[in-house]
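[1] Next one to model:
(one chain, ligands or ions: 1)
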Amino acid sequence: MNPMPEPNPLLSTTELPCYDAIRPGHVMPALAELLAQADAALEKVVSDDVPVNYDAIAAVLDVSVERLRTAWSQVGFLQSVADTPEMRAAHAENLPRVIDFYTRLSADPRLFAKYKALAASPSAATLNPARKKALQDALRDFVLGGAELEGAARERFAAIQERLGALSQSFGDHVLDATDAFDLYVEEAALDGVPADVRAAARAAAEAAGKPGFKLTLQAPCYVPVIQYATNRALREQMFRAFSTRASEFGKPEHDNSAALAEILALRQEEAALLGHASYAHVSLVPKMARSPEEVLAFVRDLARRARPFAETELAELRSCAAEELGLASLEAWDRPFVSERLKQSRYAFSNIDVKQYFTEPTVLDGLLRLIETLFGVSIQPGEAPLWHPSARFFRVFKHGESTQPVAGFYLDLHARTGKGSGAWMDDARQRWQRPEGQLQTPLAHLVCNFAAPVGDKPALLTHDDVITLFHEFGHGLHHMLTQVDELAVSGIAGVEWDAVELPSQFMENFCWDWQVVQKLTAHVDTGEPLPRALFDRMIAARNFGNGLQMLRHCELGLFDMQAHLLPDAGQRVLALAREVSAEVGIVAPPPFLRYPHSFTHLFDGGYAAGYYSYAWAEVLSADAFSAFEEAGVFDPATGERYRQQILEVGGSRPAMESFKAFRGREPKLDALLRHQGLVAEAA
Ligand code: ZN
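    Model prediction:
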């Protein structure tokens, strides 16, 4: 083995991570040392050597676990932005060891006992609110993980967890396999209306399979354009049927999720009963902002009731377009995306290529940073830091009027390239923490996107969707960076309820639809002119097209999810339940063959069980928060300061509902979201 005499950068205690120096060979030795330290800290903290005292526990356990977490997050981050086979292997090799440690940490009965003793000790009453919340959260998570169960109940709980893990894995595999199992070879004539690039891909896929014609699949890049653009109605129907019956009894028996659906739902109810809750929906909501299944049901139903008249109007428009312009006597499920696309094109067509010319990356970024400075009383300056790629950048955030002590820092890596994972995300490189040793640790954020890089000497151009993505990730970043909470477990986005985490990110998106802001974000790449108002108005109209039907569909799925996890017998009557929900919320009877629950991976192989409502929930919160800015003026610093103090600074140190009420002066209302989406009657 090659000796590594120089200091290991993953063990470095410099102010900033050594992103230019970390090599795959550093991972194993660093992790070995950090895991050993963390293990030793866990053993020590549960012993009598460490008194039942918040600071004493943090000084031993949190210091070690934080060191492990920081180093491991640097490895994971480099793997996602500067992937090499060696770094990937180093990550994969160490991942099981890291998971094993965290699994043991989160289920250690001795640690649970220590936290319980702390909560019961006289010193608990003297803890500040952030520490109280951190302790409560820790106890709650132990309880939800079954730590209080004993004997047969404990064994059964563990068996249920294991079985559920296997079932959700195979549920997801079946959906993937059923999707992949379908192919359809057609002649070119059958593809009338389908965009040329999709046809070319279908032709290439057929060639690769050694067959003539064009190969169609149920993968999104093929299915979506075919269902939207193919003029061939029989083809649309065939594709729609295949797609919406995936992993059901209509396909191959080995991909059928019918039995898994019933078993997953039944096991989740049994798990809830063991934990002493009325249903799995109740369990799911314990760490969430929504207070009860009844509250969620009322929320979803209210949203559906208010969207309904707009959905009915939209459906009538689709029907008349289908009949008058396309000669379709009836509007079937497989016609709706197609007719909808036609109607949208004829009404609101504009070119995304035209729009892009106005959103140059430097202008957008500058406009965004100045907006943040104006609203949140900070100044943002480029800084020096070790980086992983020449196009990555580093910035420091200062309190307004200060220039020596930064409150936070962030990395910006905007351009797509080989070896970089797709999508956009914010993750925390380091959290704010008043360390037990005395110094204040300031937060660091990674903000990563995959936009087109500049070509030649022209600036990079962003689509409006790119701009929205950038604002979204900055919203998460601000939540992480502007926190004033000193406790690791509840500072920034840590400890924030799962259904409230997207509030600050979706909040920022609203600025991209505000004319006063958009003017400052745009300068035509050749002329420097801001975006013309008429083009912006068409963008708004296109954004709102079809929102009523979409909202209803969303409510239908949200209601199905909540009822499936609330009603005790749902597992035995999944299809009947889906039909009842559709009859309650929908405005068209769905085709009888529809089997969407069988491929609903969000609920059965993802983290959204009894949580699907959270998409709309967070949108309501963020739209309502933004409406405070619409009332006071979008650049109003006083509203910005209140938002910073009541939402961003407090992080997870108190319930999100309290934070929202402190900012808005009342509980959230649906009105702003409905108004932004064009789902309110226009004033006469
Ligand atoms: Zn997000």
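
[2] Using PDB, write out every CA atom in stretch 18-28.
    As requested, the backbone C-alpha atoms of stretch 18-28 are provided in PDB (Å, rounded to 0.1, in the frame of the first residue of the first chain):
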ATOM      1  CA  CYS A  18      -9.800  21.300   1.200                       C
ATOM      2  CA  TYR A  19     -11.800  20.600  -2.000                       C
ATOM      3  CA  ASP A  20      -8.700  20.900  -4.200                       C
ATOM      4  CA  ALA A  21      -6.700  18.400  -2.200                       C
ATOM      5  CA  ILE A  22      -9.100  15.500  -1.300                       C
ATOM      6  CA  ARG A  23      -8.200  12.300  -3.200                       C
ATOM      7  CA  PRO A  24     -10.000   9.000  -3.300                       C
ATOM      8  CA  GLY A  25      -7.000   7.500  -1.400                       C
ATOM      9  CA  HIS A  26      -7.800   9.800   1.600                       C
ATOM     10  CA  VAL A  27     -11.300   8.400   2.100                       C
ATOM     11  CA  MET A  28     -10.700   5.000   3.700                       C
END
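
[3] next one: phi and psi at the residue positioned nearest the centre of the chain?
    In the chain, the centroid-proximal residue (C-alpha atoms, centre = their mean) is Glu502; its distance is 7.2 Å. When quoted as degrees, to the nearest 10, the phi and psi of Glu502 stand at phi -90, psi 0.

[4] What residues sit buried inside the helix or strand containing Val175?
    Using DSSP states H and E, Val175 sits in helix 151-181. Buried positions in helix 151-181, judged by neighbour count with 16 or more other C-beta atoms under 10 Å: 157, 160, 164, 167-168, 171-172, 174-179, 181. Every residue, glycine included, has its C-beta placed from N, CA and C.

[5] helices or strands up against that helix?
    helix 258-274, helix 601-604 (3 or more C-beta pairs under 8 Å, 6 or more residues apart in numbering; DSSP states H and E).

[6] between those helices, which gets nearest to Gly401?
    Gly401 lies closest to helix 601-604 among those, at 45.9 Å (C-beta to C-beta).

[7] pull the CA atoms of the closest one into CSV?
    Taking C-alpha atoms only, helix 601-604 is exported to CSV below (Å, rounded to 0.1, in the frame of the first residue of the first chain):
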residue,chain,number,x,y,z
THR,A,601,-43.8,4.9,-6.0
HIS,A,602,-44.0,8.2,-4.0
LEU,A,603,-46.2,6.4,-1.5
PHE,A,604,-45.0,2.8,-1.7
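
[8] and that helix, how far from the chain's centre?
    Centroid displacement of helix 601-604 relative to its chain, using C-alpha atoms, centre = their mean, to the nearest Å, is 14 Å.

[9] Flag every buried residue along the one helix or strand in the chain whose mean pLDDT sits lowest.
    Within the chain, no helix or strand scores below helix 352-356, which has a mean of 88 by mean pLDDT, DSSP states H and E. Neighbour counts over helix 352-356 (16+ other C-beta under 10 Å) mark Val355, Lys356 as buried.

[10] Now do the phi/psi pair for Asp413.
    phi -130, psi 100.

[11] residue contacts, the nearest residue to it once chain neighbours are set aside?
    Leaving aside its sequence neighbours, Asp413 sits nearest to Ala392 (C-beta to C-beta, 6 or more residues apart in numbering; 4.4 Å). Neighbouring residues of Ala392 by C-beta atoms under 8 Å, 6 or more residues apart in numbering: Val81, Tyr411, Leu412, Asp413.

[12] okay, Ala392: pLDDT?
    pLDDT, Ala392: 97.

[13] Now for the contacts of Ala392: which two are most distant?
    Farthest pair in the contacts of Ala392 (C-beta to C-beta) is Val81 and Leu412. Separation: 11.5 Å.

[14] pLDDT below threshold where in the stretch 501-650 of the chain?
    By pLDDT under 70, the stretch 501-650 of the chain contains no weakly predicted segment.

[15] all helices of it, in order?
    503-509, 515-521, 533-544, 547-566, 574-585, 601-604, 614-632, 637-643 (DSSP state H, counting those that start in this stretch).

[16] between these, which one is nearest to Ser284?
    helix 547-566 (6.5 Å).

[17] Go through the closest one and flag the buried ones.
    By 16+ other C-beta under 10 Å, the buried positions in helix 547-566 come out as 547-549, 551-566.

[18] for stretch 386-403, same thing?
    Leu387, Trp388, Ala392, Arg393, Phe394, Phe395, Arg396, Val397, Phe398.

[19] Give me the distance between the two termini of it.
    Using C-alpha to C-alpha, to the nearest Å, the end-to-end distance of stretch 386-403 comes out at 21 Å.

[20] same deal with stretch 656-674?
    End-to-end distance of stretch 656-674 (C-alpha to C-alpha): 22 Å.

[21] go on, stretch 226-238?
    Stretch 226-238 has its terminal residues 11 Å apart, counting by C-alpha to C-alpha.

[22] could you give the mean pLDDT of it?
    pLDDT averaged over stretch 226-238 gives 97.

[23] counting contacts, what elements does the least confident helix or strand of the chain pack onto?
    Using 3+ C-beta pairs under 8 Å, 6+ apart: helix 352-356 touches helix 533-544.

[24] Which elements pack onto the helix it packs on?
    Here helix 533-544 touches helix 336-348, helix 352-356, helix 515-521, going by 3+ C-beta pairs under 8 Å, 6+ apart.

[25] Helices of the stretch 351-500 of the chain, residue ranges please.
    Going by DSSP H, counting those that start in this stretch, the stretch 351-500 of the chain shows helices at 352-356, 361-376, 464-481.

[26] Next: the stretch 1-150 of the chain.
    Ranges of helices within the stretch 1-150 of the chain are 24-45, 54-57, 63-81, 85-107, 109-120, 129-144, based on DSSP H, counting those that start in this stretch.

[27] Pull out the buried residues from the first one.
    The neighbour-count criterion (16+ other C-beta under 10 Å) identifies Pro24, His26, Val27, Ala30, Leu31, Glu33, Leu34, Leu35, Ala38, Ala41, Leu42, Val45 as the buried residues of helix 24-45.

[28] And for the shortest one?
    Of the residues in helix 54-57, Tyr54, Ile57 count as buried by neighbour count, 16+ other C-beta under 10 Å.

[29] where's Pro212, which helix or strand?
    Of the helices and strands defined by DSSP H and E, none includes Pro212.

[30] sorry, back to before: switch the contacts of Ala392 over to JSON lines; also include neighbour count, distance to Leu343 and pLDDT.
    Shown next, in JSON lines, are the contacts of Ala392 (neighbours: other C-beta atoms under 10 Å; distance: C-beta to C-beta, whole Å; pLDDT from 0 to 100):
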{"residue": "Val81", "neighbour count": "19", "distance to Leu343": "41", "pLDDT": "95"}
{"residue": "Tyr411", "neighbour count": "23", "distance to Leu343": "43", "pLDDT": "98"}
{"residue": "Leu412", "neighbour count": "20", "distance to Leu343": "39", "pLDDT": "98"}
{"residue": "Asp413", "neighbour count": "21", "distance to Leu343": "39", "pLDDT": "97"}
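
[31] which one of the residues you listed is nearest Gln439?
    Relative to Gln439, the closest of the contacts of Ala392 is Tyr411; by C-beta to C-beta it sits at 21.8 Å.

[32] what's next to stretch 173-192, contact-wise?
    Outside stretch 173-192, the residues that touch it by C-beta under 8 Å, 6+ apart are 199, 202, 206, 209, 211-219, 226, 230-232, 235, 238-239, 242, 246-247, 251-252, 254-257, 260, 598-599, 601, 605.

[33] chain center to it: distance?
    On the basis of C-alpha atoms, centre = their mean, stretch 173-192 is displaced by 29 Å from the centre of the chain it belongs to.

[34] Straight-line length of it, end to end?
    Length of stretch 173-192, first residue to last, C-alpha to C-alpha: 33 Å.

[35] For that stretch, give the mean pLDDT please.
    Stretch 173-192 shows a mean pLDDT of 95.

[36] same thing with stretch 100-111?
    94.

[37] what ranges do the strands span in the stretch 201-350 of the chain?
    With DSSP state E, counting those that start in this stretch as the criterion, the stretch 201-350 of the chain has strands at 214-216.
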